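Enquirer: Attaching a predicted model along with its sequence, questions to come.
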Amino acid sequence: MHWHAYQWTGNGADRANEAERRPTSPDFPTSPLPPMRTGDWLAKPASRIAATFHDVQQASKWLAAEYAKVRGALLLPERIPLEDRLEYALDALPRGVDVQWGEWLQGARFATMGMICCPNRHVPHPCPIRRSVGATTA
């Protein structure tokens, strides 16, 4: 197993456009919006992957670094301390459980960062990296 990192920050109201957040939508591949289900990130083009990790410690460090980028703009005080988030990520990721953090930011913006297990036990999508390599060499 390995993990693909994904990130999105944008107008929080845009998340209400659920149609293009589902893989059944023709707009899904090109939509910048995060999918409704975490595992559906794997159905997005490989270009949406922020990073790929084979080590859970490195994956967790990426999550912490991305969270640090938005921490100062949180709309509400931090409810789940970063240390608790990381403890959960270090436990969940090796067991095949996706980790997705989402927070409302000042200015009606929303940030989400996720570490998605690949292969994923909840969705049938193939690895986006292998899929894109196969598409370019076929």
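Expert: Noted; the coordinates are in hand. Numbering: from 1, shown residues only.

Enquirer: where exactly do the helices run in the protein?
Expert: Along the chain, counting by DSSP state H, helices occupy 56-71, 82-92, 128-137.

Enquirer: quick check: angle from the longest one to helix 82-92?
Expert: Angle, helix 56-71 to helix 82-92, by axes from the mean of the first three to the mean of the last three Cα atoms, to 10 degrees: 150 degrees.

Enquirer: what mean pLDDT does helix 56-71 have?
Expert: Per-residue pLDDT over helix 56-71 has a mean of 97.

Enquirer: Which other helices and strands does it contact?
Expert: With contacts taken as 3 or more Cβ pairs under 8 Å, 6 or more residues apart in numbering; DSSP states H and E, helix 56-71 sits against strand 2-11, strand 51-53, helix 82-92, strand 99-105, strand 109-118. Backbone N, C-alpha and C define where each C-beta goes, glycine included.

Enquirer: Only the buried residues of the longest one, if you could.
Expert: Meaning helix 82-92. Residues 85-86, 89 are the ones in helix 82-92 that count as buried (16 or more other Cβ atoms under 10 Å).
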